[in-house]
Each structure stands twice: as structure tokens, then as C-alpha cells.
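> Provided below are the primary sequence and the corresponding predicted coordinates.
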Amino acid sequence: MGGVDVGPTNGKRQTNIEINMIPFIDLLMVTIMFLLITAVWVNFSRMNANAQIPGPPDPTKEIDPQTPEKALNVHVTDNEFKLVWKQGATVVSETTSERPKGTGTDLRYDDLATKIAAEWKQQSSHQDKSDKKQDQAILHVDNRLPFKEVIAVLDAIYDCKREMVVENNEVKSFPAFNMSFSVK
Amino acid sequence: MSGGGRISIFKKQHHHDPHSHAVHKPGRRLMHGVPLHFVHKRVAGGGGRNVNAPLNLVAFIDFLIVTVIFLLMSFSASGEITVDKSISLPKADNVQDVVEAPMVAVNGNQVLVDGSPAGSTRAIEDLGRMQKVDELFDLLKRKRELWKSFHPQKPFPGVCVLQVDENVPSLVVKSVFQTAAYAGYPNVSFMVRKRGKTAE
């Protein structure tokens, strides 16, 4: 038994109480069992992608022709990754990274991630902390490429981070690129 | 507060009644007929070291309470996000938390929207080129309209989550991705398993 002793009572009604430990322990055990059974042990996460589909023009807005922004085109071929910065149809720069041969389930392209980060530092026009726009990465993959390879490339693209000022002048780290698929 | 639990011990019973072989007094029968007296003596705690183990209830209850608090903190009332058993998700490092949005599951054979069938992946593979999945398009469009009718003042977020098996070819992924975008969901997320931290 566990109890609460509040000292001598001086002849008055007994104020000390005792708690029966057995039902208390039983309750704790049952609670633990319930929580263990209903516990979620596997945590899933997500990776963003963005589809840029041209919609009908907004009649309320005036058309303001702008020069197209630079975008990083990532081509996945059999032996290499080709990183091409394009502004509209104009090729600004081009570089390659070797594609390691991997057949396992846990694919990582660390060299590609390093190369993309270096390219972003050289070519990106959205490096200022106050600039809230992300650079666009367009992924060109073969139709037969397994999805795990697509995710491995996407993971390498999102490995490149930049700092951005958010609300209350707080600086947070965000992925430097926003990814989309090429439909060609 | 202090307390202690004790393991019960066996007590030797002596019968002096000559008719005791026929009628027995109620009581413990266990170990009664065992002739191994040294075992009986040992179990009863006679002679050597006492085998009764006192259990400190304070530490025990502390442990239980800490376990309950930990499990309560990690408890999710909304339940687990269901992933189709036939889908093996790929792993990634640079991830975000899952948001509440329509779930489009793509396994080796079919496309499902929140568990309801919404097209065949075989048909896309057989065709060999990107195409709009009509059933998926209709289901997603209906979901979008339903959301808009419930939230007429809010802008539609256009987010849907794709649970794609790691071995599904890109052609299927791109077709589903494009269909979702056409149905009004341009912000597509891919569900992945977060890779565990590795030693640096």
C-alpha cells in the first residue's frame, strides 16, 4: 500500500489516506498494453514535386512578357547524369556526372548531389536570403527507369539547400530547387 | 512511499490424524508428496539464503509511469497512414512531413485512390507512351469538387500524395503525375520512407 500522511490529527477525523497499489499497477499495465498495440512505429515522409501546366490566360491580368528564367535540366542516361542550365531554349552551361551502377534497393547519388550544389552556387539567380523564389529543376528520365532511381535523383536534387527569410525575420533552410518532370 | 511484493513460499504440513489418508483438511497440496526434503527446505527458505525476492514498488511504478508518458506522447489519435501492402516505398533523406491529402497508390498492376480502384498500370505500360488515366482523373476531379463545396471560401491547395512502388517504371509515374495535375492537383508529393541516420 502507498499512502499520504499529513501528520498527527489531534483527535480529529483521520485525514491520512492509503492508495491500493494493485489496481494502480493494473491500470498502468493495461494503459501500456493499449498504447503499445496502437503505437505507430513506421514514419512515412514525402518529397515535393510540381507540375507546371499552362492554364488559360487570366483576363483580369495584363500580359507582361518576361524573359524566361534559368532552369536546371537533369538528364538521366545509362552511364551519366547530364546537368544542363537552360534559359528558354538557350543552353547556358552543361556538365556531366558519372552515374554509379547500383542495383540495390537503397540507392544514393552523393556525387550528383555535390555536383548539383556546385552548379547551383555558380548559376542560380535566387541565392539571396530575401528571395523567396526557388530554382526550377526539370527531370528527364527514360520511361523504363524504375521509380527508386527517380527518387534517388530527386533526393540528390533536394540535397542542395539554401537559407530563406520567413515570417518574423527568421531564417530557415529550404531546398534550393523545385522539381518537375519533363513530359517529352 | 515504500512497499514490497513477496513471492509466496510453501509451508510443510504435518498430519497427525490416523484417518488423514482418507479425509484431508483443506489447504495447500502442492509439494506435499515430494520426498525431496532438501528441496522443500530450500524452497521454504530454511537453512540457506532466503529465496524470497522483495520488489521495490517505487522504482517499478516510476518505470511504468515513464513508459506510459512516452507512449502517450508518441500516440497518434488519427491513426497510421495506410500504405498498400503490395507497395514497397523507396528511401530518401531530404524529406518533409506527410500532409493530409488524397492518397494515390500505384503498385505493379493498378492505381488506387484512397483504396478505390482508379485504373490499370498494365494498360499504360502496354501502350508504351504517356497517357491520361481517365478513371483516376474522374475520381480526383470529384474529390476536388467535393472539397470546394465544403470549403467555398478557401483556395484549393491542389496537393495529392503518390504512393508508388519502387519498381514501377517512370512511364507509369509520369502518366499518373500528369493526370493528377490535369485533375487540378499540380502539387504532387511522393511518399517515401525516411532513411535512418548513418554514422558520419
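Sure thing, it's come through.
> Can you say which helix or strand has residue A:112 in it?
Element membership of residue A:112, judged by DSSP states H and E, is helix A:110-123.
> now swap in residue B:84 and tell me
Residue B:84 is located outside every helix and strand, with elements delineated by DSSP H and E.
> ok so residue B:174 is a helix residue?
Yes - assessed by DSSP: H, G, I helix; E, B strand; the rest coil, residue B:174 belongs to a helix.
> thinking it is in contact with residue A:183, fair?
Yes - applying C-beta atoms under 8 Å as the test, residue B:174 and residue A:183 come out as touching, 6.7 Å apart. Any C-beta I mention is one placed from the backbone N, CA and C, and that applies to glycine too.
> what is in contact with the two at once?
Taking C-beta atoms under 8 Å, 6 or more residues apart in numbering or on different chains as the contact rule, the neighbours common to residue B:174 and residue A:183 are residue B:130.
> about what we covered before: other SSEs contacting the helix holding residue A:112?
Counting contacts by 3 or more C-beta pairs under 8 Å, 6 or more residues apart in numbering or on different chains; DSSP states H and E, helix A:110-123 packs against strand A:70-76, strand A:80-87, strand A:90-98, helix A:147-158.
> tell me the angle the helix or strand following it makes with helix A:147-158.
Helices and strands here follow DSSP H and E; after helix A:110-123, the next one along the chain is strand A:135-140. Here strand A:135-140 points in a direction 160 degrees away from that of helix A:147-158 (axes from the mean of the first three to the mean of the last three C-alpha atoms, to 10 degrees).
> low-confidence ranges in the chain?
I went with chain A, as the question did not name one. Counting by pLDDT under 70, chain A contains low-confidence ranges at A:1-12, A:40-43, A:52-66, A:102-105, A:184.
> I was thinking of chain B, sorry if that wasn't clear
With pLDDT under 70 as the threshold, chain B has low-confidence stretches at B:1-24, B:27-51, B:76-81, B:196-200.
> Can you spell out the domain ranges of it, please?
According to the domain assignment given by automatic domain parsing, chain B is divided into the following structural domains: B:4-73, B:91-194.
> Now tabulate the helices and strands packed on helix A:110-123 in JSON lines and tack on distance to residue B:146 and mean neighbour count.
Shown next, in JSON lines, are those (distance: least, C-beta to C-beta, whole Å; neighbours: other C-beta atoms under 10 Å in any protein chain shown):
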{"stretch": "strand A:70-76", "distance to residue B:146": "35", "mean neighbour count": "20"}
{"stretch": "strand A:80-87", "distance to residue B:146": "40", "mean neighbour count": "17"}
{"stretch": "strand A:90-98", "distance to residue B:146": "44", "mean neighbour count": "13"}
{"stretch": "helix A:147-158", "distance to residue B:146": "29", "mean neighbour count": "23"}
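> Chain B: which of the ones you listed is closest?
Shortest distance between chain B and the helices and strands packed on helix A:110-123, using C-beta to the nearest C-beta, is found for helix A:147-158: 3.8 Å.
> Show residues contacting the helix holding residue A:112.
For helix A:110-123, the external contacting residues (C-beta under 8 Å, 6+ apart) are A:70, A:72, A:74, A:81, A:83, A:85, A:92-93, A:95, A:97-100, A:127, A:135, A:153, A:155-157, A:159-160, A:162, A:176-177.
> Pick out the residue nearest the middle of chain A.
Compute the mean C-alpha point of chain A, and by C-alpha atoms, centre = their mean the closest residue is residue A:47, 5.0 Å away.
> give the contact list for residue 156.
All of this is about chain A. Applying C-beta under 8 Å, 6+ apart, we find residue A:156 in contact with A:108-110, A:112-113, A:116.
> my bad, chain B
By C-beta under 8 Å, 6+ apart, the contact list for residue B:156 reads B:144, B:147-148, B:184.
> If we only consider those residues, which is nearest to residue A:149?
The shortest distance between residue A:149 and any of the contacts of residue B:156, using C-beta to C-beta, involves residue B:184 and amounts to 28.7 Å.
> Residue A:49: how many residues sit nearby?
Residue neighbour count, defined by other C-beta atoms under 10 Å in any protein chain shown, stands at 22 for residue A:49.
> residue contacts, residue A:173?
A:161-164.
> Out of those residues, flag the one nearest to chain B.
residue A:161 (8.1 Å).
> Give me the phi and psi for residue A:178.
As for residue A:178, its main-chain torsions (degrees, to the nearest 10) stand at phi -120, psi 130.
> any idea how far residue B:194 is from the nearest residue to it once chain neighbours are set aside?
Distance criterion C-beta to C-beta, 6 or more residues apart in numbering or on different chains; nearest residue to residue A:178, sequence neighbours excluded, is residue A:134 at 4.4 Å. Taken as C-beta to C-beta, to the nearest Å, the spacing of residue A:134 relative to residue B:194 amounts to 22 Å.
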